[in-house]
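Asks: Take this sequence and fold it.
(one chain, ligands or ions: 1)
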Amino acid sequence: MGVDHTLRRLRHTSWRALAPNPPIVITWVEIVKMSVGPRHQRCFTLPVPFVAKIPFSLLWLTLTTVAIATEDRAYELRHAWSKLQFPDCPVGVAFTNEPSPTGIVVLQRGMVHVLPADREAAVAPVFLDLKDRLKDEIHFEAGLHAVVFHPDFAKNHRVYLSYSQSEPRRAVLSEMMVREGAEFRADPATERILLEVPHQLADHFSGSLAFGPDGMLYWSIGDGGMRDDPHGMAQHPFLLQGKVLRIDVNHRSGSRAYAIPPDNPFADKQEWRGEIYAMGFRNPWGMSFDPGSGELWLADVGQEMFEEINVVTKGGNYGWAERDGPKRLMAKGETQQAPGEFIDPVHSYSRTTGEGICIAGGFVYRGSRLPKLVGCYLYGDWGYGKVWAFRRAETREAKSVNTLLFVHRENEERFNPTQICADPEGEPLILNHSGWIETLAEVAK
Ligand SMILES: [Ca+2]
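Replies: Predicted coordinates for the structure are as follows:
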């Protein structure tokens, strides 16, 4: 998951502010003023010397106070399953590609449950229990990251998993079977490891999975977890970190447990890993194909400036760690870059103006229940408890529109969206860190 960075950044900032000679200069501190009214939210930027004089208690208060909105909301959250609060953080959902789809919810510490067709059901049967396998995956972003069904699941009963492992630390992609005739449950004894990617730190795993309309499996992998990607892994053509991979799970090439599609952008280049579909990502989280256009949308959690949304194209380079959102990464200074070398996000928002602190992607809404949102990319911010709809401009002359749909209020149930997904009807399922799965409803006027 992409959320650990938020907590670490706050802690680091506090300690560095308290040190007599901060090793890293703090350039701003956000103070969010709360008041009642439509223009409720203001941010102040304080210069560094002033920050250094703020007592610890006040500094902590300012750094951990997040935006509390009080303006009217056009949309509200409702529990999508009224009686199901899971005892762990939901990080993904997936549905079989059948006339009557069956859904599952993936919990970070290793359990996967069937989502009952009855939204009033009180019990969600177990689909997979990997708790024992993941017992050492205790860091905030470690654990199970995704489980998806093969597009031909009804025939081949295969599912694909993405999770972290330790000793040695790595990201794992594997295949598992649901045994025919038995209860609807994946069998760990059938697991086949497809790919393992070494990982430096226990964060920035990314780990999103999606089958494309082309039948290929896409896997996003983070940059290895270090600040500024110091070894340039996300830009390295022969490393899989900081990339979106595209593989064919129905065939094998060489001694691989999968095949490299011959139309992958670097399939025939010896100095490149043929699995790479796109590159230059930090900690991409929330990957989905727009069923309308077939485009691949992917959010990328930022370091300290920008949270971004990308539309990923074959062979595209999305900039990390040369660029941070739509700008040059500060640590890279004024070094020249070739025009067109990197693809900027279709939308980004800033941490420095109180808009949010940790993006949670996201899907393009093609449902029917929320007609004003058709064609918009729905996404959220984990830290601030926000949900937005981003409508991309259709022409060069037009402007994209980003609309805030929902903001968490202080006196409400905890709301930290970890991912925003579509159900089989294309309606939103907003995974809440608290264990609930929410959906959106228009507020009656
Ligand atoms: Ca980027």
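Asks: the longest strand in this protein is where?
Replies: What stands out as the longest strand in the chain, according to DSSP state E, is strand 186-198.
Asks: same for that strand, what does it pack against?
Replies: On a contact count with 3 or more C-beta pairs under 8 Å, 6 or more residues apart in numbering; DSSP states H and E, strand 186-198 meets strand 126-129, strand 158-165, strand 170-178, strand 243-247. The C-beta positions use only the backbone N, C-alpha and C, and glycine is treated the same way.
Asks: The ion contacts on this protein?
Replies: Selection of the chain residues close to the ion by C-beta under 5 Å from the ion yields 318, 319.
Asks: What part of the chain, helix or strand, is modelled with the least confidence?
Replies: strand 42-44 (a mean of 30; mean pLDDT, DSSP states H and E).
Asks: Which among the helices and strands packed on strand 186-198 is found nearest to residue 192?
Replies: The minimum distance between residue 192 and these falls on strand 170-178, with 4.6 Å, by C-beta to C-beta.
Asks: Sort out which residues of the closest one are buried, please.
Replies: Buried residues in strand 170-178, counted by 16 or more other C-beta atoms under 10 Å: 171, 172, 173, 174, 175, 176, 177, 178.
Asks: swap in stretch 390-402?
Replies: For stretch 390-402, burial by neighbour count (16+ other C-beta under 10 Å) applies to 390, 391, 392, 402.
Asks: which ones are touching residue 86?
Replies: 105, 107, 111, 113, 124, 435, 436, 437 (C-beta atoms under 8 Å, 6 or more residues apart in numbering).
Asks: Recalculate using a threshold of 10 Å.
Replies: By C-beta atoms under 10 Å, 6 or more residues apart in numbering, residue 86 lies in contact with 105, 107, 111, 113, 124, 431, 432, 434, 435, 436, 437.
Asks: Compare those and tell me which is most surrounded.
Replies: Neighbour counts for those (other C-beta atoms under 10 Å) peak at residue 431, which has 28 neighbours.
Asks: Name all residues that make contact with the closest residue to that residue other than its chain neighbours.
Replies: Take residue 431 and drop its neighbours on the chain: the residue closest to it by C-beta to C-beta, 6 or more residues apart in numbering is residue 90, 4.2 Å away. By C-beta under 10 Å, 6+ apart, the contact set of residue 90 is 84, 105-108, 113, 418-419, 421, 429-437.
Asks: what sits opposite residue 90 in the beta ladder?
Replies: Assessed by DSSP bridges, residue 90 has beta-bridge partners residue 107.
Asks: so where is the stretch 101-250 of the chain shaky, pLDDT-wise?
Replies: Applying pLDDT under 70 to the stretch 101-250 of the chain picks out no residues at all.
Asks: What's the separation between residue 271 and the ion?
Replies: 23 Å (C-beta to the ion, to the nearest Å).
Asks: what's the neighbour count on the closest residue to that residue other than its chain neighbours?
Replies: Nearest non-adjacent residue to residue 271, counting by C-beta to C-beta, 6+ apart: residue 237, 5.7 Å away. Counted with other C-beta under 10 Å, residues neighbouring residue 237 total 12.
Asks: Show me how the protein divides into domains.
Replies: Per automatic domain parsing, the structural domains of the chain span 4-64, 75-442.
Asks: Just say which of those is most tucked in.
Replies: domain 75-442 (a mean of 19; mean count of other C-beta atoms under 10 Å).
Asks: pretty sure residue 319 contacts residue 308?
Replies: Yes. With contacts counted by C-beta atoms under 10 Å, residue 319 reaches residue 308, the gap being 8.9 Å.
Asks: Make sure residue 383 is actually in contact with residue 302.
Replies: No. Checked against C-beta under 10 Å, the pair residue 383 and residue 302 is beyond contact range at 11.7 Å.
Asks: list residues touching both of the two?
Replies: Shared contacts of residue 383 and residue 302, defined by C-beta under 10 Å, 6+ apart, comprise 5, 351, 356, 357, 358, 359.
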